[in-house]
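*Asks:* task: produce atomic coordinates for the following.
(one chain, ligands or ions: 1)
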Amino acid sequence: MSSDTIIEIKEVNRTYIDEKDNTVEALKDINLTIKRGEFVSIIGSSGCGKTTLLRLIAGLDVPETGILTLDGQEITAPDPQRGYVVQQGGLFPWLTVEQNIATGLKARHVYRQNKAQVAHYINLIGLNGFEKAYPHQISGGMAQRVAIARALINRPKALLLDEPMGALDSFTRADIQDKLLELRKENDATMVLVTHDVDEAIYLSDRIVIMTPRPGKISEILSIKMSHPRDRGGSEFLSIRGDILEKLHLASARQELEYII
Ligand SMILES: Nc1ncnc2c1ncn2[C@@H]1O[C@H](COP(=O)(O)OP(=O)(O)OP(=O)(O)O)[C@@H](O)[C@H]1O
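*Replies:* Next up, the predicted model:
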């Protein structure tokens with residue numbers, strides 16, 4: 001393993017049995033190496049195994065065969081080294097913004113010596129003045145920023161994001177996307193994002209992993225070389241978008257054909 005590598009996924013397979021007793025190959029022969037500090041997005045149609053893959057990296061599930069490692073150590077259970085943020089961030093409704101962010105530290109019993117970090121992260125996500133607000137008193141976009149800060153306060157080696165902007169309007173989405181890029185610089189964290197949004201993937205990523213379903217496989221990995229900030233309306237951006245949409249379309253057409261045959 002090169003010292004550049006942080007996450008290694010080797011020959012990973014995961015099947016489920018559905019409610020009709022059919023075997024679902026959620027992930028088949030997945031191989032992926034993620035570099036330290038890299039921003040990788042995973043895209044693909046519904047059911048292609050994106051969340052299954054992210055949950056395996058988080059340690060919330062284990063593969064049937066194959067192995068996943070973080071810095072050479074096998075991933076077998078959740079760990080604050082791998083922060084995990086989901087679509088509806090799962091804030092504790094009975095805790096304020098600052099208390100929610102502090103839970104990351106409290107869970108590791110390091111709150112007292114790191115108390116000042118809470119204010120630092122509130123500042124970083126731009127929620128000064130909302131420290132004492134409860135989740136029902138802030139917007140969905142603010143709540144997602146709190147969820148991201150709660151994961152980042154543990155200074156995770158990797159931040160795993162399962163459609164954290166999925167339920168937000170496009171304006172708030174764009175705002176959080178920029179925040180993520182800032183936080184990435186500040187924290188040096190590797191980020192792995194599951195998204196349905198091709199533009200979001202191009203705007204943020206160093207590489208985009210395209211997956212196809214039945215069985216869930218990696219069909220292609222694209223490197224995005226554009227410098228930041230990326231112009232969403234620029235010709236290079238639009239050309240990459242066209243290319244990805246065509247690949248997704250082709251992948252799903254091929255898969256439908258295999259299904260019929
Ligand atoms: N716990 C489970 N039990 C049975 N089948 C499951 C389970 N979890 C996932 N699956 C199946 O595995 C496949 C991959 O699911 P997964 O949620 O990883 O896909 P996804 O790409 O994240 O989908 P979406 O974009 O809709 O969230 C799907 O066919 C799904 O129905």
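
*Asks:* nearest spatial neighbour of the residue in the stretch 101-250 of the chain positioned nearest to the ligand, skipping sequence neighbours?
*Replies:* Proximity of the stretch 101-250 of the chain to the ligand (Cβ to the nearest ligand atom) peaks at Gly216, 5.6 Å away. C-beta: built from backbone N, CA, C; applies to glycine. Excluding the flanking residues, the one nearest Gly216 by Cβ to Cβ, 6 or more residues apart in numbering is Gly49, at 2.6 Å.

*Asks:* how many other residues sit next to the residue of the stretch 101-250 of the chain closest to the ligand?
*Replies:* 24 (other Cβ atoms under 10 Å).

*Asks:* dump the residue contacts of it.
*Replies:* Shown in contact with Gly216 (Cβ atoms under 8 Å, 6 or more residues apart in numbering): 25-28, 30, 47-49, 52-53.

*Asks:* buried ones in stretch 174-182, by neighbour count?
*Replies:* For stretch 174-182, burial by neighbour count (16 or more other Cβ atoms under 10 Å) applies to 174-177, 179-181.

*Asks:* chain center to the strand or helix carrying Ala253, what's the gap?
*Replies:* Ala253 belongs to helix 235-260 when assigned by DSSP states H and E. Relative to its chain's centre, helix 235-260 lies at 22 Å (Cα atoms, centre = their mean, to the nearest Å).

*Asks:* which elements pack onto it?
*Replies:* strand 39-44, helix 198-204, strand 207-212, strand 217-223 (3 or more Cβ pairs under 8 Å, 6 or more residues apart in numbering; DSSP states H and E).

*Asks:* redo those as CSV? Include mean neighbour count and mean pLDDT.
*Replies:* Formatted as CSV, the helices and strands packed on helix 235-260 follow (neighbours: other Cβ atoms under 10 Å; pLDDT from 0 to 100):
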stretch, mean neighbour count, mean pLDDT
strand 39-44, 24, 97
helix 198-204, 22, 97
strand 207-212, 22, 96
strand 217-223, 16, 96
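
*Asks:* to Pro78, which of those lies closest?
*Replies:* strand 39-44 (18.9 Å; Cβ to Cβ).

*Asks:* please save the CA atoms from the closest one in PDB.
*Replies:* Extracted as PDB, the C-alpha positions of strand 39-44 are listed here (Å, rounded to 0.1, in the frame of the first residue of the first chain):
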ATOM      1  CA  PHE A  39     -12.600  14.000  -2.800                       C
ATOM      2  CA  VAL A  40     -14.300  11.000  -4.400                       C
ATOM      3  CA  SER A  41     -18.000  10.900  -5.400                       C
ATOM      4  CA  ILE A  42     -20.000   7.800  -6.100                       C
ATOM      5  CA  ILE A  43     -22.800   8.100  -8.500                       C
ATOM      6  CA  GLY A  44     -25.200   5.700 -10.300                       C
END
